[in-house]
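Peer 1: build me a model:
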Amino acid sequence: MTVPVDYEERVYAGVLGKLIGVYLGRPVEAWSHERIEAELGEIDYYLDAEVDPVLVDDDISGTFVFARALRDHGSGRDLSAQQVGETWLNYLIENRSIIWWGGLGNSTEHTAYLRLRRGVQAPRSGSIELNGRVVAEQIGAQIFIDGWAMVAPGDPELAATLAARAASVSHDGEAVHGAVAIAAMEAQAFVEADIDRLLDTALAQIPRDCLLRRVIDDVRDWHASGEDWRATRARIAQRYGYERYGGNCHVIPNHALIVSALLHGDGDFGRSLMIVNTCGWDTDCNSGNLGCLLAIRGGLAALEDGPDWRGPVADRMYLPCADAGGVITDALTEAMKLADLGRELAGETRTGTAQRPRFDFALPGSVQGFRADEQAARGGVVAVANVATQRARGSRGLAIDFDELPAGASARALTATFGLDSAATDPDVGYELHASPTLHSGQLVRAEITADAGNRGEVTCRLVLRAHDSQGGLREHHGPPVALAPGAHGALEWTAPDTAGQPIADVGVEALPGSTPAGRVVLDRLGWNGAPQVALLDGRPLGAARHAWVSAVDHVDFDAEEPLRLVQDSGTGLLIQGGRGWRDYAVRATIAPHMARAAGLAARVQGLRRHYALLLSSEDVVALVKQLDAQRTVLAQAPLAWLADRPYSLALVLEGARLRAGVDGHELFDVHDAHAPLLDGGVAVLCTEGRIAVETLAVAPTPAASASLTREGA
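Peer 2: Residues are numbered from 1 along each chain as shown. Just a heads-up that it's a prediction; the model follows:
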């Protein structure tokens, strides 16, 4: 496969198309065509301009989380269904994230998850043989499939192969054919614009005798007869309607609507999404797949012809899963990750996503969640926009334009680093935003900013963040100011301050114009690195901090006698904070087991089944273990008989592949993990079948902050 010259831009467009399609269709999900027409008419834009369209949605979460199997397993083109199944078990939080938890035999994905949990490996976990045809042929495989296409530009055979393996984790039969057809068309759309040829590409990847082929042929014939989209929808309802298939949301009727909208929309992004959403049924799923396909086909230009699709979205997306620090993200970030994987599959060098700052606005229109702060402008005018620049380190940046700012006002642009549980949640469906902050106290924040040469005077710029407090408010913190003359470039650097354990809500830059009421500054890049210096639990009031943990524990009580009580009914539960940007650090916790099979502290947590852990066991041993998917390796162990309700101070220090661990100030283990070491990730408290109390937990960089395990505290 030859990667197109505009590959990254096409992937970015595809991610945006997916987001726009889902956000457009979500409010009318499961509505009938008749109800939509009667109450709303044609759905040609987001339904309520006053309501933020960005929500947590399974179509988005599953699409981009499951594709991480390529990164985690490093198997490339040989990635197996079993490895994708392991990815499910690593990132899914039971009853809380990504899929519809509708129960065994009712929700296809939940059924497959339960099979996986009970040791049934993919693809048998999603098979008709095990789950029956009705369960196996619902729509889920199709809605999660776009990522596998975006890593295979111009290679529909590879996209079909990866899609089939990923789909078979939870689905079988016509559901897998539907997923393969969408993935093949999306992969080919990188190099082919003709819609009929794209449909031919889909047909080439599915069996000649399958029902889906008959569906596609029928819809093409109806379209060719000259009838309008409403007439085709009526024919679909008559021949392939829901009543002909069992289950809650079958793939066949919905795939037919995608094909119909693709044909009747004639490649136009807005018209095609209007058709597929006005047709009803599984609107967000169908609109998401179709939006991704058409955006890949037309690139970013496809999103510019018509209303402002991108503005309300502002690149924002949420991926709730057990990768706590990776939940709050944006379209450009996820697109670059996929593009790196695609280049690797093509035998090319990655573009270096890991070395990019978190925000660099590298592609046209990207704002990466940044929005103007109207409150700071105090009635003045502030706007943000992606612009071309002449900076040597990048060709684009985020312009912050300001005008008519009164005295004391500032031109400020912020992007979210955290969201409370209630944010971005659809109460009608139940998907919730479980997320850890992406930025913590003690991390070094850096930015580069340029004052426009046309400014009439000096502009003072500084970094700014807002953190929650224990009373439910937000407190501002400001970095050191840098004065920039017109045309000058400056670097801003600041260590995120101590926020008393409270989560940082957002971060950005602001310009204090002084005597210049109008002007422009351009943010070229902004990011942070290093481990935090933060006490996540230390006895202070928690407030919003109780929501900063991603919980995979059966019962979490922040209002018990102890600062934190965890109860796990079966198996092992993890309470997680932090993310893949943390590498070398020391973590300490004070934990009191009450009644438990095991209790402990984990580090470099990359999900539920990828981490190191220091564990106190009911078998009267303390062990340093490595969990890598299904494989648990004891790196070191020693006898230790713990007493119920006695607090134990546990410590882990990680420097590269070296791990040191101790209990109550005594170093017990110093090991080197030479085989596929885990090199980054957050922290967690673990509880296996029982109850534990957690009194303190703190993280600090190494080696400067903690060279010895005998030192108490952070």
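Peer 1: domain-wise, how is this structure divided?
Peer 2: According to automatic domain parsing, the chain comprises the domains 16-318, 371-529, 534-701.
Peer 1: pick out the shakiest of those domains, pLDDT-wise.
Peer 2: Per-segment mean pLDDT for the domains of the chain reaches its minimum on domain 371-529, at a mean of 91.
Peer 1: quick one, what contacts E86?
Peer 2: Applying C-beta atoms under 8 Å, 6 or more residues apart in numbering to E86 gives the contacts A69, H73, R609, D629, A630. Using the backbone N, CA and C atoms, a C-beta is placed for each residue, glycine as well.
Peer 1: in which helix or strand would I find it?
Peer 2: Using DSSP states H and E, E86 sits within helix 81-91.
Peer 1: next secondary structure after that helix?
Peer 2: helix 108-117.
Peer 1: distance between that following helix and the chain's centre?
Peer 2: 21 Å (C-alpha atoms, centre = their mean, to the nearest Å).
Peer 1: now do that helix against helix 81-91, angle only.
Peer 2: Helix 108-117 and helix 81-91 meet at an angle of 100 degrees, taking axes from the mean of the first three to the mean of the last three C-alpha atoms, to 10 degrees as the criterion.
Peer 1: hmm, back to that, and A331, which of the domains of the chain is closest to it?
Peer 2: If you check each of those against A331 by C-beta to C-beta, domain 16-318 wins as the nearest, at 4.3 Å.
Peer 1: quick one: end-to-end distance for that closest one.
Peer 2: Length of domain 16-318, first residue to last, C-alpha to C-alpha, to the nearest Å: 13 Å.
Peer 1: also stretch 677-687?
Peer 2: 23 Å.
Peer 1: pull out the buried residues from that stretch.
Peer 2: P677, L678, D680, G681, G682, V683, A684, V685, L686, C687 (16 or more other C-beta atoms under 10 Å).
Peer 1: with stretch 592-601 instead?
Peer 2: A592, P593, H594, A596, R597, A598, A599, G600, L601.
Peer 1: can I get the CA coordinates of it in CSV?
Peer 2: What follows is stretch 592-601 as a C-alpha-only set of coordinates in CSV (Å, rounded to 0.1, in the frame of the first residue of the first chain):
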residue,chain,number,x,y,z
ALA,A,592,-5.2,-0.7,55.2
PRO,A,593,-6.7,-4.1,54.1
HIS,A,594,-9.8,-5.0,56.1
MET,A,595,-10.8,-8.2,54.5
ALA,A,596,-9.4,-8.9,51.0
ARG,A,597,-7.7,-11.6,49.0
ALA,A,598,-5.2,-8.9,47.9
ALA,A,599,-4.6,-5.2,48.2
GLY,A,600,-2.0,-3.0,46.6
LEU,A,601,-0.7,-0.2,44.6
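Peer 1: contacts for that stretch, please.
Peer 2: 562, 568, 572, 587-589, 591, 613-618, 642, 644-648, 650-652, 683-695, 697.
Peer 1: let's see that with 7 Å instead.
Peer 2: The contact list for stretch 592-601, computed with C-beta atoms under 7 Å, 6 or more residues apart in numbering, reads 587, 589, 591, 613-618, 642, 644-647, 650, 652, 685-693, 695.
Peer 1: in strands, which of the residues you listed fall?
Peer 2: Mapping the contacts of stretch 592-601 onto strands (DSSP state E) picks out 587, 589, 591, 613-617, 650, 652, 685-693, 695.
Peer 1: quick one: the residue of the chain most remote from its centre from D218, how far?
Peer 2: Most distant residue from the mean C-alpha position of the chain: S225, 42.7 Å away (C-alpha atoms, centre = their mean). For S225, the distance to D218 equals 11 Å [C-beta to C-beta, to the nearest Å].
Peer 1: what's the overlap in contacts for the two?
Peer 2: With C-beta under 7 Å, 6+ apart as the test, S225 and D218 reach no residue in common.
Peer 1: ok, back up a step: what is the nearest of the buried residues of stretch 677-687 to L439?
Peer 2: So of the buried residues of stretch 677-687, ranked by how close each gets to L439 (C-beta to C-beta), first place is G682, at 12.9 Å.
Peer 1: sec struct for A413, please.
Peer 2: strand (DSSP: H, G, I helix; E, B strand; the rest coil).
Peer 1: where's it relative to R520, distance?
Peer 2: 12 Å.
Peer 1: repeat for S80
Peer 2: 51 Å.
Peer 1: who has more neighbours, these two?
Peer 2: Per other C-beta atoms under 10 Å, whichever of S80 and R520 has more neighbours is R520, with 22 against 17.
Peer 1: which SSE is that one in?
Peer 2: strand 519-529.
Peer 1: would you put the C-alpha positions of that strand in CSV?
Peer 2: C-alpha atoms of strand 519-529 as CSV (Å, rounded to 0.1, in the frame of the first residue of the first chain):
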residue,chain,number,x,y,z
GLY,A,519,-4.6,42.7,17.8
ARG,A,520,-3.6,39.1,17.3
VAL,A,521,-1.3,36.6,18.9
VAL,A,522,-0.7,33.1,17.5
LEU,A,523,-0.2,30.1,19.7
ASP,A,524,2.2,27.9,17.8
ARG,A,525,2.3,25.0,20.3
LEU,A,526,1.5,24.0,23.8
GLY,A,527,2.2,20.9,25.9
TRP,A,528,3.5,19.5,29.1
ASN,A,529,5.7,16.6,30.2
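Peer 1: in that strand, what's buried?
Peer 2: G519, R520, V521, V522, L523, D524, R525, L526, G527, W528.
Peer 1: identify the single longest helix in this structure, thanks.
Peer 2: helix 7-25 (DSSP state H).
Peer 1: how distant is the next helix or strand after that helix from the center of its chain?
Peer 2: Next in sequence after helix 7-25, counting helices and strands by DSSP H and E, comes helix 33-39. Centroid separation for helix 33-39 versus its chain: 33 Å, with C-alpha atoms, centre = their mean.
Peer 1: now do stretch 126-144
Peer 2: 24 Å.
Peer 1: enumerate every residue touching the most centrally placed residue in the chain.
Peer 2: The chain has L319 as the residue nearest its centroid, 2.8 Å off, counting by C-alpha atoms, centre = their mean. With contact taken as C-beta under 7 Å, 6+ apart, L319 is in contact with S61, F64, V65, G326, V327, T329.
Peer 1: gap between it and L574?
Peer 2: 18 Å.
Peer 1: and what of T329?
Peer 2: For T329, the distance to L574 equals 21 Å [C-beta to C-beta].
Peer 1: for R68, same thing?
Peer 2: 18 Å.
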